[in-house]
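**Q** Return atomic coordinates for the entry below.
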Amino acid sequence: MTNKVAIFVYESLAGDMSRAYRGLKTALEFVQAGDEVAVVFDGSGVETLAAITDSGSKLNGILQEIKSSVDGACSFCASSHKVTEAITAAGYSLLTDFQGEASVRKYVNDGYTILSF
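**A** Just a heads-up that it's a prediction; the model follows:
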């Protein structure tokens, strides 16, 4: 059985690193199982993506393993948290599907189970 899972990371590393870690490891578990995975960084989670793009980050290895499953980061949130440049410089997309922000509904409509971290 193949699953379709959209994992939304809302937590910053400064807020709760274990929660951000858990989201990334959950994504890795589904990716390694061959499931269809979409990872979205939203809210303060955009800070997490910006931070872990640095090769020195403890979580960069996991990011590299799931890189092809990362859909991107909320454009509005990236701008608000002043991490747009770091995210785009690392090659990740800014999501604007709902009024300039990432859309959860888009993934629900596409049949994904939504997991939030």
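**Q** so after the longest helix seen in the chain, what's the next helix or strand?
**A** Using DSSP state H to assign secondary structure, the helix with the most residues in the chain is helix 13-32. Going down the chain from helix 13-32, the next helix or strand is strand 36-41, by DSSP states H and E.
**Q** Off-centre distance for that next one?
**A** 6 Å (CA atoms, centre = their mean, to the nearest Å).
**Q** ok, and for it, which residues are buried?
**A** For strand 36-41, a neighbour-count test (16 or more other CB atoms under 10 Å) marks 37-41 as buried. Where C-beta positions appear, they are placed from N, C-alpha and C, glycine not excepted.
**Q** from those, which single one is nearest Leu24?
**A** Val39 (7.8 Å; CB to CB).
**Q** looking only at pLDDT, what's the mean for stretch 1-10?
**A** Stretch 1-10 shows a mean pLDDT of 96.
**Q** now the angle between strand 36-41 and the longest helix of the chain, please.
**A** Counting by axes from the mean of the first three to the mean of the last three CA atoms, to 10 degrees, helix 13-32 lies at 170 degrees to strand 36-41.
**Q** Which secondary structure elements does helix 13-32 sit against?
**A** Helices and strands touching helix 13-32, by 3 or more CB pairs under 8 Å, 6 or more residues apart in numbering; DSSP states H and E, are strand 4-9, strand 36-41, helix 45-52, helix 60-66.
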